[in-house]
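Asks: Build me a structure from this.
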Amino acid sequence: MASAVTTGGFSSSELALEESDLVIPSIDVEAALRIGEIALQIGRERSLTIAIEVRIGDWVCFHAALPGTDSSNDSWIARKARVVALTGHSTMYERVKAEESAIDWYQANSAPEESHAIHGGGLPLIVDGLGHRGTLLISGLPQVEDHLLGVEIIRRYLSEVRG
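Replies: Predicted structure coming up:
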């Protein structure tokens with residue numbers, strides 16, 4: 001079991017509520033690009049060593065890697081994306097829920113660790129009235145920071161579209 005230090009002291013109920021607060025009005029290529037651009041802008045402003053991906057379904061609409069990243073970040077992104085695609089929840093939610101339930105997530109979901117990663121940084125893009133339709137993926141920071149950055153990006157996007 002990972003300690004609260006590595007999972008930010010989150011509870012699954014808190015993370016589920018967070019997901020319900022991050023519902024976007026729609027997802028299309030323009031929205032995916034804008035979410036990616038916000039992530040890239042924040043990453044550059046803060047000189048973060050991150051790779052970013054935005055997907056609609058399993059279609060990669062945006063991908064960027066900042067200095068200091070490498071192909072291992074793409075592997076992490078792919079593994080996180082599979083978790084979000086499988087469950088419709090954030091990778092941090094899945095990790096915390098598994099810890100709270102004292103289960104082996106990989107075994108319980110018949111999802112091998114080699115292809116799936118319940119490490120923060122994979123967030124569902126939930127469309128109002130339609131559910132999970134896309135995914136924002138961040139890799140390169142400690143998992144809590146990857147998750148919190150993803151939340152910040154979606155919140156910034158929502159503040160733009162809501163005016």
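Asks: For the rest of this, base every contact and every neighbour count on C-alpha atoms.
Replies: Fine.
Asks: isn't Arg155 right next to Leu22, touching?
Replies: Yes - between Arg155 and Leu22 there is a contact at 6.7 Å, judged by CA atoms under 8 Å.
Asks: the more surrounded of these two?
Replies: A count of neighbours by other CA atoms under 10 Å puts Leu22 above the other of Arg155 and Leu22, at 20 against 16.
Asks: List the backbone torsions phi and psi for that one.
Replies: Per-residue torsions, Leu22: phi -100, psi 20 (degrees, to the nearest 10).
Asks: hmm, who's touching stretch 52-67?
Replies: Outside stretch 52-67, the residues within contact range by CA atoms under 8 Å, 6 or more residues apart in numbering are 27-29, 32-33, 35-36, 39-40, 43-44, 48-51, 77, 85, 133-139.
Asks: buried set for that stretch?
Replies: 52-56, 61-66 (16 or more other CA atoms under 10 Å).
Asks: Quick one: mean pLDDT over that stretch.
Replies: On average, the pLDDT along stretch 52-67 is 97.
Asks: Just the C-alpha atoms of it, please, in CSV.
Replies: The C-alpha trace of stretch 52-67 is given here as CSV (Å, rounded to 0.1, in the frame of the first residue of the first chain):
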residue,chain,number,x,y,z
ILE,A,52,0.9,16.0,-22.3
GLU,A,53,-1.7,14.2,-24.3
VAL,A,54,-5.4,14.9,-25.0
ARG,A,55,-7.6,12.2,-26.5
ILE,A,56,-11.1,12.0,-27.8
GLY,A,57,-12.0,8.4,-27.2
ASP,A,58,-8.8,6.7,-28.2
TRP,A,59,-7.9,9.3,-30.8
VAL,A,60,-4.8,11.4,-29.9
CYS,A,61,-5.7,14.9,-30.8
PHE,A,62,-2.9,16.7,-29.0
HIS,A,63,0.5,15.5,-27.8
ALA,A,64,3.5,17.6,-26.6
ALA,A,65,6.7,16.8,-24.7
LEU,A,66,8.7,19.4,-22.9
PRO,A,67,12.4,19.4,-22.5
